[in-house]
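In: Okay, predicted coordinates and the sequence, questions at the end:
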Amino acid sequence: MQNLPDSMTAVAISEPGGPEVLVRETRPLPEPAPGEILIRVAAAGVNRPDVLQRAGAYPPPKGASDLPGLEVAGEVVARGSGSGRHAIGDKVTALCPGGGYAEYCKVVDGHALPVPAGLSMQEAAALPETFFTVWSNVFDRCGLKSGERFLVHGGTSGIGTTAIQLAKAFGAEVFTTVGSQEKAEAVQKLGADHVINYRQDAFEKVILDVTGGEGVDVILDMVGGDYVERNWKAAAVEGRICQIATLNGVSEKVNFSRLMVKRLTHTGSTLRPRSDAFKTAIAEALEAQVWPLIESGKIRPIMDSTFPLVEAAEAHRRMESSGHIGKIVLTVGG
């Protein structure tokens, strides 16, 4: 911790509420515990869970920072005992349990990855939350394979743009839903094979028409609500659906006979409270199988906009407008 300041600028949540409750604060510098590293943050990603935490609907796990921010990129400036994966001075991007909206952030050493060659710090900060989420749910939990059909809702979100690229890179036929022509054109450029404007067409009907009634093999959904049963209609026999959020609320009534007749698997998960070992295993898989695709240019983080750290409220307003295409990132330091 030599030659580091005693305090730092951070953006905290003063009380549950709208974007205006995000306030600038001075906080003590975090001290890395055994197995942790301290990162001087250059950029931090903004994600939907940050918005939910700000509103009081998604509290941080026990022991995590109360500051929002689930992903950062920057330079390693200190290490706790037993942290040997990354050296002082390494440029890394990392998944955080919280604390990313600050000049310094401590993370588990195994949850950090080298910044891929050719990416800026802002682009690197856009990677962890969405790539960890998509990899663990689409490929690990649902076992998407080459040649299968894949549907992701919200194709221009951070999750959506990541899922489209990863699914295409690993040989899937990709379907996605969007809400405008501008967004349709954006996801087509990413490689989506079939784009459905959910404001104009019922996605389940379009999918069954396109596939000759067969449906899709894997669905990644963050909408919930009436999409649960509509996903079951769109799914193929032996299809797998993974729920990672319920932005439209929970479904109060579904027809379980469809689940049984099609022998569907409907699973779900959240990433933030999972064990350190689980997240480390995802990081290792990403470094081995996905980081080379990023460095070759086959996959890139899709960037919507950047805001200075102290304008985090404006970044949240941008996210809540649902007008963004790709990731929103806070710039923190050099």
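Out: Great, that's in hand.

In: give me the low-pLDDT residue ranges for the stretch 151-300 of the chain?
Out: Applying pLDDT under 70 to the stretch 151-300 of the chain flags no residue at all.

In: could you show me where the strands are in it, in order?
Out: For the stretch 151-300 of the chain, applying DSSP state E, counting those that start in this stretch gives strands covering 173-178, 194-197, 216-221, 235-243, 265-268.

In: Residue 90: neighbouring residues, count only.
Out: 17 (other CB atoms under 10 Å). For glycine as for every other residue, the C-beta is placed from the backbone atoms N, C-alpha and C.

In: quick one: contacts for it?
Out: 75-76, 114 (CB atoms under 8 Å, 6 or more residues apart in numbering).

In: which parts of the lengthiest strand in the chain are buried?
Out: What stands out as the longest strand in the chain, according to DSSP state E, is strand 36-46. Going by neighbour count (16 or more other CB atoms under 10 Å), the buried part of strand 36-46 is 36-46.

In: Quick check: mean pLDDT of that strand?
Out: Confidence over strand 36-46 (mean pLDDT, whole number) is 98.

In: Residues contacting the next helix or strand along the chain from that strand, please?
Out: Following strand 36-46 in sequence order, the next helix or strand is helix 48-54 (DSSP states H and E). Helix 48-54 is touched from outside by 13, 16-19, 21-22, 58-60, 68-70, 98, 101, 129, 157, 222, 245, 247, 272, 316, 319-320, with contacts defined as CB under 8 Å, 6+ apart.

In: next one: stretch 9-23
Out: Taking CB under 8 Å, 6+ apart as the rule, stretch 9-23 contacts 24-27, 53-56, 66-68, 101-103, 309-310, 312-314, 316-317, 320.

In: Return the members of the residues you listed classed as buried.
Out: 27, 53-55, 67-68, 101-103, 309, 312-314, 316.

In: could you pull out the helices for the stretch 51-200 of the chain?
Out: Under the criterion DSSP state H, counting those that start in this stretch, helices of the stretch 51-200 of the chain are mapped to 121-125, 128-134, 158-169, 181-190.

In: nearest to residue 94, of these?
Out: helix 128-134 (6.2 Å; CB to CB).

In: just checking, what packs against the closest one?
Out: strand 91-95, helix 158-169, helix 276-289 (3 or more CB pairs under 8 Å, 6 or more residues apart in numbering; DSSP states H and E).

In: out of these, which comes closest to residue 296?
Out: Closest of these to residue 296 is helix 158-169, at 10.0 Å (criterion: CB to CB).

In: helices and strands around that closest one, which ones?
Out: Helix 158-169 packs on helix 128-134, strand 149-152, strand 173-178, helix 181-190, strand 327-331, going by 3+ CB pairs under 8 Å, 6+ apart.

In: want to try CSV for the ones you listed, with distance to residue 205 and mean neighbour count as columns?
Out: Formatted as CSV, the helices and strands packed on helix 158-169 follow (distance: least, CB to CB, whole Å; neighbours: other CB atoms under 10 Å):
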stretch, distance to residue 205, mean neighbour count
helix 128-134, 26, 27
strand 149-152, 13, 28
strand 173-178, 12, 25
helix 181-190, 17, 17
strand 327-331, 31, 25
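
In: In CSV, list those along with distance to residue 166.
Out: Formatted as CSV, those follow (distance: least, CB to CB, whole Å):
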stretch, distance to residue 166
helix 128-134, 6
strand 149-152, 9
strand 173-178, 10
helix 181-190, 10
strand 327-331, 15
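
In: Determine which of the ones you listed approaches residue 280 most closely.
Out: Using CB to CB, the helices and strands packed on helix 158-169 put helix 128-134 closest to residue 280, at 10.6 Å.

In: what's next to the closest one, contact-wise?
Out: 45, 47, 49, 70-71, 93-96, 111, 113, 158-159, 161-163, 166, 220, 244, 271, 279, 282-283, 286, 290, 301, 327.

In: what pLDDT, on average, does that helix get?
Out: Helix 128-134 comes out at a mean pLDDT of 97.

In: Could you list the alpha-carbon positions for it in PDB?
Out: Taking Å, rounded to 0.1, in the frame of the first residue of the first chain, the C-alpha atoms of helix 128-134 are listed here in PDB:
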ATOM      1  CA  PRO A 128     -16.700  -9.000 -17.100                       C
ATOM      2  CA  GLU A 129     -20.300  -8.800 -15.900                       C
ATOM      3  CA  THR A 130     -21.800  -9.700 -19.300                       C
ATOM      4  CA  PHE A 131     -19.200 -12.300 -20.400                       C
ATOM      5  CA  PHE A 132     -19.300 -14.100 -17.000                       C
ATOM      6  CA  THR A 133     -23.100 -14.100 -17.100                       C
ATOM      7  CA  VAL A 134     -23.500 -15.300 -20.700                       C
END
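
In: Give me the residues contacting stretch 165-173.
Out: Applying CB under 8 Å, 6+ apart, the contact partners of stretch 165-173 are 131, 134-135, 138-139, 144-150, 152, 174, 190-194, 218, 290, 293, 298-300.
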